[in-house]
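J.: I would like to see how this sequence folds:
(one chain, ligands or ions: 1)
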Amino acid sequence: MQVLVTGAKGMLGGDLCPVFAKKHQVVATDLQELDVRDPRAVFAIIEENKPDLVLHLAALTNVDGCQEMKDEAYLTNAIGAKNVALACARYAACMVYLSTGSVFDGAKNEPYTEFDTPHPSSEYSKAKYQGELFVRDSLREYYIVRAGWMFGGGVRDKKFVGKIVSLAKQGRKLQVVDDKFGSPTYTNDLAQGILKLVETGWYGTYHMANLGCCSRFEYAQKVLNLVDRSNCSVEPVSSEAFPLPAHRPRMEAIRNYMLQLLGLNWMRPWEEALSDYIKNRLLANR
Ligand SMILES: NC(=O)c1ccc[n+]([C@@H]2O[C@H](COP(=O)([O-])OP(=O)(O)OC[C@H]3O[C@@H](n4cnc5c(N)ncnc54)[C@H](OP(=O)(O)O)[C@@H]3O)[C@@H](O)[C@H]2O)c1
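T.: Numbers count the residues shown, from 1 in each chain. Okay, here's the model as predicted:
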């Protein structure tokens, strides 16, 4: 297949591009090569490259930034997805749209399945959900893949796991919230899972996270257990201790129910994936 990737230089793109490149021709684009906010540019690149599949990862992922810059959030995360979906419809390409478990309101006491109704609360999640609706309305051949709290990126990891590891090295006393729950998702596992999914032709909306659910505090504890934490401690706190511009749902965890029902749930438990990532990638290359 000819595969075109948007947002290829991001955390997920860094793993997804090499995974797909082992089997397919990959054209990797990021903001410099293709600004997804520009419909003419999107149509032109898809017309020129004639991809069979477009993996649409490009997004503004700073949740608080999106809250403060609403127009930018909707332009990139919702209209950007619409531009890609319409171009895929015009040039007969299949589309994969990366979405998020934060499209739900968090009121449930257990992980969300694909059969629960989204009700996003932050501007980031609302824009990502509008992106889902545009994809669904424009295409028949699409996969919407909702992921959990992603970790990955190796030496370039500046997100939750990377930050905890850096702070642990500095011997800092950490405070981490214990009232927000999610499903950690290793970008490498997600990339392999997406590759397998697109080979089925079973279009639709899927949850794809590593198995299990934890609080941010349990997540941080697990990270610290996997690195040298001799002079670092972590204390659980309420999210009221850290007021943020964007609301975070209490429950963002997702269950891969569609994959499970179809016998396609290859994802491993999050603790196993995290241990693999930290030992074999993060620490091995630092
Ligand atoms: N990270 C998570 O925990 C998580 C969870 C669930 C779903 N997702 C979704 O998964 C996808 C990938 O996430 P990620 O964590 O890999 O994100 P990321 O690291 O922030 O990467 C996103 C990439 O998109 C690029 N981009 C931003 N605006 C663009 C535009 N207008 N046109 C083209 N490219 C643009 C960014 O470039 P710059 O860096 O130059 O801005 C960046 O390289 C996103 O759609 C995200 O919403 C992420």
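
J.: mind checking which helix or strand the residue in the stretch 1-150 of the chain that the ligand sits nearest to is in?
T.: Residue nearest to the ligand within the stretch 1-150 of the chain: Gly10 (1.9 Å; Cβ to the nearest ligand atom). All C-beta atoms are positioned from the backbone trio N, CA, C, and that covers glycine. Assigning secondary structure by DSSP states H and E places Gly10 outside every helix and strand.

J.: Not counting sequence-adjacent ones, nearest residue to it?
T.: Excluding the flanking residues, the one nearest Gly10 by Cβ to Cβ, 6 or more residues apart in numbering is Leu57, at 6.0 Å.

J.: you'd agree the one you found is up against Met11?
T.: No. In this structure Leu57 lies outside contact range of Met11 using Cβ atoms under 8 Å: 9.1 Å.

J.: and the stretch 1-150 of the chain, which residues reach the ligand?
T.: Proximity of the stretch 1-150 of the chain to the ligand is assessed by Cβ under 6 Å from any ligand atom, with 6-7, 9-13, 30-31, 34-37, 57-61, 76, 80, 98, 100, 128, 147, 149-150 identified as the residues in range.

J.: Please list only the buried members of these.
T.: Neighbour counting by 16 or more other Cβ atoms under 10 Å classes 6-7, 9-13, 30, 34-37, 57-61, 76, 80, 98, 100, 128, 147, 149-150 among those as buried.

J.: Point out where the stretch 151-286 of the chain drops to low pLDDT.
T.: Within the stretch 151-286 of the chain, the ranges that satisfy pLDDT under 70 run 230, 285-286.

J.: how does it look with 90?
T.: Along the stretch 151-286 of the chain, the parts satisfying pLDDT under 90 run over 153-158, 165-173, 227-233, 242, 282-286.

J.: Tell me where it has strands.
T.: Listed in chain order, the strands found in the stretch 151-286 of the chain under DSSP state E, counting those that start in this stretch are 173-177, 181-182, 184-186, 204-207, 214-215, 233-237.

J.: Which one of these lies nearest to Pro51?
T.: Minimum separation from Pro51 across these (Cβ to Cβ) falls at strand 204-207, 20.2 Å.
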